[in-house]
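[1] Got a sequence here, can you build the structure:
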Amino acid sequence: MTAHQRPDFLAGSVFDALQRAGTRGLTFTEIMDTTGFTECQTRHGLSILREAIAGMKGTDAVYSYDPHGHVYRTAYLPDVAEAYEIMRLGAEATRSYRVLTGTVLPHAKQSRTKQLRMLRRHLQLVVDDARDILEPAEPV
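    Residues are numbered from 1 along each chain as shown. Here you go, the predicted structure:
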């Protein structure tokens, strides 16, 4: 394949391959083999698909990734989808925490802007709540 493909074409081809695979899903290498895309094209197609799948009309497909088998799916498997969601939310909470501690807090110390102070407090609450919620539950 040529190196320059439209993002919607890449995502559509990856989607079609994952739909054909059904609940079995495909590994990254299998997606590359099925679509004929390069590694970079496959990554780009997956990233576009991950963001676009919720808005796709005429399908109830959901994007998920199973880190245990390194398998991508568009078929909904509750346990896999929930683990994927928690994994993604945990990563986003960590990223938000780093933005907060590395950028927002140091800048807020110097700022006199009311909006920045309010946003800092709000972001801090969101990040703290997300980290508390995503912590593994203690056994009962």
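[2] Packing partners of the helix or strand containing residue 120?
    For residue 120, the host element (DSSP states H and E) is helix 114-134. Counting by 3 or more CB pairs under 8 Å, 6 or more residues apart in numbering; DSSP states H and E, the packing neighbours recorded for helix 114-134 are helix 78-99, helix 105-110. Glycine gets a C-beta too; all of them are placed from N, C-alpha and C.
[3] State the three-state secondary structure for the residue lying farthest from the centre of the chain.
    For the chain, the residue at maximal distance from the C-alpha centroid (CA atoms, centre = their mean) is residue 112, at 35.0 Å. Following DSSP: H, G, I helix; E, B strand; the rest coil, residue 112 is assigned to coil.
[4] Next: residue 72.
    strand.
[5] mind checking how far residue 14 is from residue 78?
    Residue 14 sits 23 Å away from residue 78, going by CB to CB, to the nearest Å.
[6] Compare those two and say which is more crowded by neighbours.
    It is residue 14, of residue 14 and residue 78, that has more neighbours when counted by other CB atoms under 10 Å, with 29 against 8.
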